[in-house]
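Visitor: need coordinates for the below:
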Amino acid sequence: MQKGAEISIKEIAAMLNPGRPGRRYLALLKFYCDESYDSDPSQSGMAFYDVDGQHVPKAYVVGGFIANERIWENIGERWRKENERVGVSRYHGAYVNARSGEFAEWSKDQQREYSQNLIEILRDQKRDIHAISCGMFPREYEQIINAMGREKLGHPYIACFKSCIAMIAQELDIRGYAPDDKFAVILDRNDLEGEAVEVFYKMKDSEIWPFHHRLATCAPGNWQEHIELQPADLIAYESFRILGEKYNGREGIRPALRSMFKTNGFLGYYFESDTFKKLKADGLESCDCVPNGFVVNFPPPPEEP
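Guide: Numbering: from 1, shown residues only. Modelled structure (predicted):
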């Protein structure tokens with residue numbers, strides 16, 4: 001699988017939860033995630049790639065941040081104050097960058113200052129917060145993988161979501177976390193939230209998948225309940241922008257995101273055409289697998305020098 005900007009997950013200070021009597025406290029991390037894609041301008045809501053007559057996005061990304069509760073509380077307090085300072089209800093990547101919705105009357109300077117202030121909140125957490133993202137080009141997915149294979153791997157959202165879960169679980173295992181350490185997932189509400197929660201628990205219950213013990217809980221939420229989903233919106237949108245540029249044959253990372261690379265952790269992948277071809281050759285389309293039951297396993301990333 002093609003890699004994007006990557007800094008492997010390191011030991012993160014943990015939120016302490018009671019372990020079994022006589023045992024160490026376990027670390028429970030929280031992964032907040034959101035999706036971003038180019039929707040059909042003539043339609044609203046999520047565009048399903050496999051419905052006749054509906055728009056197929058060029059690029060699709062699921063991304064978010066993982067950290068412990070202490071870090072999330074710090075981010076949430078400062079993020080809320082910044083929203084109050086500028087008089088908006090929340091950060092919304094597409095609206096901020098288009099200066100629409102609540103941001104319609106903003107100048108470019110206001111837009112830039114707000115975005116930079118939010119980025120600074122995340123940068124201040126250094127390696128205690130890590131961005132995780134996975135994306136794909138849905139049109140290549142549909143062209144290369146047949147309908148049966150797409151049913152098994154899932155809608156682009158599901159395929160990218162469970163790839164993020166697989167990456168995090170494997171990273172916790174190979175980076176020396178204790179066997180009891182786990183992560184919980186809060187995903188932004190969407191039309192496929194039920195399928196996402198279902199596939200999470202399929203992965204958790206899979207005894208043949210060696211990292212299943214890293215999964216704790218998974219539930220949908222919204223930005224009113226969880227301000228932490230707003231940073232997830234930011235990284236999903238920025239990752240989508242990178243993938244959209246790549247689809248159009250250009251390389252480009254906006255300065256705001258690039259400024260985080262030296263301070264925060266990043267782990268990003270995307271399904272390119274060669275990845276789909278390999279999945280096809282490996283038997284995805286003909287394997288004995290229930291829909292949404294196919295788990296993507298990633299090779300361990302290279303060790304840092």
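
Visitor: so what's the residue count around residue 77?
Guide: Using other Cβ atoms under 10 Å, residue 77 has 11 neighbouring residues. (C-beta placed from N, C-alpha, C; glycine too.)

Visitor: what about residue 236, which SS state?
Guide: Three-state call for residue 236 (DSSP: H, G, I helix; E, B strand; the rest coil): helix.

Visitor: so it sits against residue 93, correct?
Guide: Yes - assessed by Cβ atoms under 8 Å, residue 236 is found in contact with residue 93 at 7.3 Å.

Visitor: OK, contacts around residue 203?
Guide: For residue 203, the contact set (Cβ atoms under 8 Å, 6 or more residues apart in numbering) comprises 162, 165-166, 169, 209, 212, 215, 295.

Visitor: do you know how far it is from residue 164?
Guide: Here residue 203 is placed at a distance of 11 Å from residue 164 (Cβ to Cβ, to the nearest Å).

Visitor: now residue 182
Guide: 15 Å.

Visitor: name the residue in the two with the higher neighbour count.
Guide: More crowded of residue 182 and residue 164, by other Cβ under 10 Å: residue 164, with 25 against 20.

Visitor: can you give me the pLDDT of that one?
Guide: With respect to pLDDT, residue 164 scores 97.

Visitor: so it touches residue 134, yeah?
Guide: Yes - here residue 164 reaches residue 134: they are 5.0 Å apart, a contact under Cβ under 8 Å.

Visitor: quick check: neighbours shared by those two?
Guide: 62-63.

Visitor: and residue 64, what element?
Guide: strand 60-67 (DSSP states H and E).

Visitor: roughly how far is that strand from the heart of the chain?
Guide: Offset of strand 60-67 from its chain centre (Cα atoms, centre = their mean, to the nearest Å): 2 Å.

Visitor: need the CA coordinates for the strand or helix carrying residue 239. CSV is fine.
Guide: For residue 239, the host element (DSSP H and E) is helix 229-247. The C-alpha coordinates for helix 229-247 follow below in CSV (Å, rounded to 0.1, in the frame of the first residue of the first chain):
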residue,chain,number,x,y,z
LEU,A,229,-14.5,15.3,16.1
GLN,A,230,-13.6,18.8,14.9
PRO,A,231,-9.9,18.1,14.8
ALA,A,232,-10.8,14.9,13.1
ASP,A,233,-12.6,16.9,10.4
LEU,A,234,-9.5,19.0,10.0
ILE,A,235,-7.1,16.1,9.3
ALA,A,236,-9.7,14.2,7.1
TYR,A,237,-10.2,17.3,5.0
GLU,A,238,-6.5,18.1,4.7
SER,A,239,-5.7,14.5,3.8
PHE,A,240,-8.5,14.6,1.2
ARG,A,241,-7.0,17.7,-0.3
ILE,A,242,-3.6,15.9,-0.7
LEU,A,243,-5.2,12.9,-2.3
GLY,A,244,-7.3,15.1,-4.6
GLU,A,245,-4.2,16.8,-5.8
LYS,A,246,-2.6,13.4,-6.4
TYR,A,247,-5.6,12.2,-8.4
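
Visitor: can you get me a residue count around the closest residue to residue 231 other than its chain neighbours?
Guide: Among residues not flanking residue 231 along the chain, residue 65 sits closest, at 5.4 Å (Cβ to Cβ, 6 or more residues apart in numbering). Other residues near residue 65 number 27, with proximity taken as other Cβ under 10 Å.

Visitor: filter the contacts of residue 203 down to the buried ones and hand me the PyMOL line.
Guide: Selection of buried members from the contacts of residue 203 for PyMOL, criterion 16 or more other Cβ atoms under 10 Å:
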select buried, resi 162+165+166+169+209+215+295
